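Enquirer: Return a 3D structure for these sequence lines:
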Amino acid sequence: MAKWAIELGEHDIEFQVRNSIKGQILADFIAETIEEEEMPSTQIIVPPIEHEEWKLFTDGAPSSDGSGARLMLVSPAGKEFTYALHFEFSMTNNEAEYEALLAGLRLARDLNIQHLKAYVDFQIVANQVTGTFEVRCPTIQQYLAKLKELIEQFKGFEIEHVRRSQNKKADALSKIASITFTHLRVG
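Expert: Numbering: from 1, shown residues only. Okay, here's the model as predicted:
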C-alpha cells in the first residue's frame, strides 16, 4: 500500500482506505494467481538488460461507475507484474483501451525497460497505433499522439492484437477494477 501511495502521490492522486467486500474479491483473485514462493517479502526491481524484450498486456473496461484498466508486465524471465487501475470518469471503450496502454507504457518507461512488445485485445487500437487504420475522432487523435510520444522513448517497440480469449487475465481484472476501486482517485 505504501508503494501505491508514493506512486500516486507524484501525480496529485490521493489514496483513501476503504473497507469493502468487493475489495476482497480482488485480493482473493491475486492470491489465487500468485503462488506463495513467488510472493517475496521485499520486491527489488532491477533494470533489464538492454536487449531483453518485456511483454505488456493491457485491457480497458468502461463502466457507468468509472472505468478500469489492467496491465500485466512480463519480464524476459517470465515473471508477471500485474496492476489494476480505476478511473473515475466516463469514457468509451476505445478511450479505456488507450488509457490502459498509456498507463502500461508509462510504467515500462519508469522501470527503464528499453524493448517492449505490447499486446492489446482491441484490434482497432493496435491498427491505429501501427497506422493501418486512420484516426478521425479528435479525442483518439490526442491519445494516439501521446502514445507515439511515449513509444519514441523505447529502443524497441511492437504492438500486436491478441484475441480476448488469449487475454483473459487482463479482461477479468480490468472489469473488476472498473467496479471495485471507487476509493482511488485518478484525474
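Enquirer: Check which residues of the host helix or strand of residue 144 are buried.
Expert: Following DSSP states H and E, one finds residue 144 within helix 138-151. Neighbour counts over helix 138-151 (16 or more other CB atoms under 10 Å) mark 140, 143, 144, 147, 150, 151 as buried. In short, each C-beta sits where N, CA and C put it, glycine included.
Enquirer: now do stretch 102-122
Expert: Those would be 102-105, 107-108, 111, 113-116, 118-122, for stretch 102-122 by 16+ other CB under 10 Å.
Enquirer: the helices in this structure, which residues?
Expert: Listed in chain order, the helices of the chain (DSSP state H) span 2-9, 21-33, 93-110, 123-130, 138-151, 168-180.
Enquirer: hmm, back to that, relative to residue 157, which of the buried residues of helix 138-151 is nearest.
Expert: The nearest member of the buried residues of helix 138-151 to residue 157, counting by CB to CB, is residue 151 at 4.9 Å.
Enquirer: for this protein, what helix or strand is lowest in average pLDDT?
Expert: Ranked by mean pLDDT, DSSP states H and E, the weakest helix or strand in the chain is helix 168-180, scoring a mean of 47.
Enquirer: What mean pLDDT does stretch 140-157 get?
Expert: For stretch 140-157, mean pLDDT rounds to 93.
Enquirer: follow-up on the earlier one: can you list the buried residues of helix 138-151 in JSON lines and add distance to residue 163?
Expert: Converted to JSON lines, those look like this (distance: CB to CB, whole Å):
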{"residue": "140", "distance to residue 163": "22"}
{"residue": "143", "distance to residue 163": "23"}
{"residue": "144", "distance to residue 163": "23"}
{"residue": "147", "distance to residue 163": "22"}
{"residue": "150", "distance to residue 163": "25"}
{"residue": "151", "distance to residue 163": "23"}
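Enquirer: Pull out the buried positions in stretch 63-73.
Expert: The neighbour-count check on stretch 63-73 (16+ other CB under 10 Å) flags 63, 66, 67, 68, 69, 70, 71, 72, 73 as buried.
Enquirer: actually stretch 76-87, sorry about that
Expert: Within stretch 76-87, the residues scored as buried using 16+ other CB under 10 Å are 82, 83, 84, 85, 86, 87.
Enquirer: Right, I'll call it a day here.
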